[in-house]
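>>> Predicted model follows, preceded by the sequence.
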There are 2 protein chains.
Amino acid sequence: MQHDLDQTISLLGRTPAALNALLRDLPDAWTLRNEGANTWSAFDVVGHLIHGERTDWMPRARMILEFGETRAFEPFDRLGQLRESQGKLLGELLDEFARLRAENLRELRGLNLGQKDLERFGQHPELGVITLSQLLATWAVHDMTHLHQVSRVMAHQYREAVGPWSAYLGVLRCAAHSS
Amino acid sequence: MQHDLDQTISLLGRTPAALNALLRDLPDAWTLRNEGANTWSAFDVVGHLIHGERTDWMPRARMILEFGETRAFEPFDRLGQLRESQGKLLGELLDEFARLRAENLRELRGLNLGQKDLERFGQHPELGVITLSQLLATWAVHDMTHLHQVSRVMAHQYREAVGPWSAYLGVLRCAAHSS
């Protein structure tokens, strides 16, 4: 389907509550374990989502509206959250994510973007010319890619525990697909 | 990690609220669309989870405790929910899933299973001999496999809308992995 701003906002508005319902007060064995060296735990993912709220989505939307394609975005620091999350509890990260997301969606709604605005071009440092519409659709799919990751990382913890049922559980065959 | 009953129950207890937070009142374009012919929408997945609560997990646990490996489980009807969900609203299915899951976890806790019980054998019609511990671990991972699916199905709806960012979004390269 085509990008629809209202649908994007409705999905973006639900991710913090969904992660909160899934992860808050869950034993650390689910939330702090990862899939092996250089992979992320659910805790790391929430930190990454916070970092995106601060430095990626709305700052880039503002740049498109202000500079169009004449100025490239700052590259996104995919490891930025590792510094920022240090010493925090998962509950604090979930609160912070919910607060930042709500602020960003308030700002996004306040822009009252029309079709003309959504078609504006911006400059991605690696991908080249993109549109504001594509940026906002990506924000929503980025939430889904990380919900997909969290469910996979948690399933991984019981990889052995399920015994022969692993043959039926697709999530255990998911190879992350990250570039 | 090894199967731990308390950890299993803590995850199982959160899935209904997580799906509720993600899906309730979301536009139909997210929840009723699927990935193409013979694939499931988020709506279908919630129906499938309900069907599992009714016919799969606790009925099989009871069979293991009663008959051990002397009697094979009824095969699980993977399409059973298509009949049962007909004419219902997603909100009704989310309520039903939450209610059935809560009832089943109440029953599971009431069994006060010890390590000896968890090691009891049962007979799966295709997989052969399994343990109660493996069944319960699978129940939790089954939730994750379907959360993984729901996030992928929803991301799929914006496959085109994200433009060149699709190269960075792992969920768009996930091929479902189902057997």
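Cool, the structure landed. Residues are numbered from 1 along each chain as shown, chains lettered A, B, ... in the order given.

>>> wait, residue A:124 sits on residue A:134?
No: in this structure, residue A:124 is not within contact of residue A:134 by Cβ atoms under 8 Å, at 9.2 Å. For the C-beta atoms, the positions are set from N, CA and C on the backbone; glycine is no exception.

>>> burial of the residue lying closest to residue A:96 once chain neighbours are set aside, as a residue count?
In this structure, residue A:96 finds its nearest non-sequential neighbour in residue A:50, 5.4 Å apart by Cβ to Cβ, 6 or more residues apart in numbering or on different chains. A count of neighbours around residue A:50, defined by other Cβ atoms under 10 Å in any protein chain shown, yields 23.

>>> Same question for residue A:70.
Using other Cβ under 10 Å, residue A:70 is surrounded by 10 other residues.

>>> for the closest residue to it other than its chain neighbours, which residues make a bridge with it?
Spatial nearest neighbour of residue A:70, excluding adjacent residues (Cβ to Cβ, 6+ apart): residue A:123 at 7.3 Å. Beta-bridge partners for residue A:123, by DSSP bridges, are residue A:72, residue A:129.

>>> I'd like the distance between residue A:123 and chain B.
The gap separating residue A:123 from chain B is 12 Å, by Cβ to the nearest Cβ, to the nearest Å.

>>> ok, that residue - contacts?
When contacts are counted by Cβ atoms under 8 Å, 6 or more residues apart in numbering or on different chains, residue A:123 is found next to A:69, A:70, A:71, A:72, A:73, A:129, A:130.

>>> quick one: secondary structure of the residue nearest the centre of chain A?
Taking Cα atoms, centre = their mean, the centroid of chain A lies closest to residue A:143, which sits 3.8 Å from it. Here residue A:143 is recorded as helix under DSSP: H, G, I helix; E, B strand; the rest coil.

>>> Report the separation between the closest residue to it other than its chain neighbours and residue B:138.
Spatially, and ignoring its direct neighbours in sequence, residue A:143 is nearest to residue A:15 (4.3 Å; Cβ to Cβ, 6+ apart). Residue A:15 sits 27 Å away from residue B:138, going by Cβ to Cβ, to the nearest Å.

>>> between the two, which one's more packed in?
Using other Cβ under 10 Å, the more surrounded residue of residue A:15 and residue B:138 is residue B:138, with 27 against 23.

>>> where does chain A have low pLDDT?
A:176-179 (pLDDT under 70).

>>> Pull the contacting residues for the residue nearest to residue A:143.
Residue A:15 makes contact with A:49, A:101, A:143, A:147, B:22 under the criterion Cβ under 8 Å, 6+ apart.

>>> now it: how far from residue A:146?
Distance of residue A:15 to residue A:146, computed by Cβ to Cβ: 8 Å.

>>> Which neighbours do those two have in common?
Each of residue A:49 lies in contact with both residue A:15 and residue A:146 under the rule Cβ under 8 Å, 6+ apart.

>>> Show me the helices in chain A, by range?
Ranges of helices within chain A are A:5-12, A:15-23, A:28-31, A:42-55, A:57-67, A:80-85, A:90-110, A:115-118, A:132-156, based on DSSP state H.

>>> for the fourth one, which positions count as buried?
Spelled out, that is helix A:42-55. Under the neighbour-count criterion of 16 or more other Cβ atoms under 10 Å in any protein chain shown, helix A:42-55 has A:42-53, A:55 buried.

>>> for that helix, packing partners?
With contacts taken as 3 or more Cβ pairs under 8 Å, 6 or more residues apart in numbering or on different chains; DSSP states H and E, helix A:42-55 sits against helix A:15-23, helix A:28-31, helix A:80-85, helix A:90-110, helix A:132-156.

>>> How about the second one and chain B, touching?
By that I understand helix A:28-31. Yes: Helix A:28-31 reaches chain B (Cβ under 8 Å from any Cβ of the partner chain) through A:29, A:30.

>>> Quick one: buried ones out of the contacts of residue A:123?
Buried residues within the contacts of residue A:123, defined by neighbour count using 16+ other Cβ under 10 Å: A:69, A:73, A:130.

>>> you'd agree residue A:165 is up against residue B:134?
Yes: if you go by Cβ under 8 Å, residue A:165 and residue B:134 touch, sitting 6.2 Å apart.

>>> Tell me which of these two has more neighbours.
Ranked by neighbour count (other Cβ under 10 Å), residue A:165 and residue B:134 place residue B:134 first, with 26 against 20.

>>> Just give the closest residue to that one, not the sequence neighbours.
With Cβ to Cβ, 6+ apart, the residue lying closest to residue B:134 is residue A:163, at 3.7 Å.
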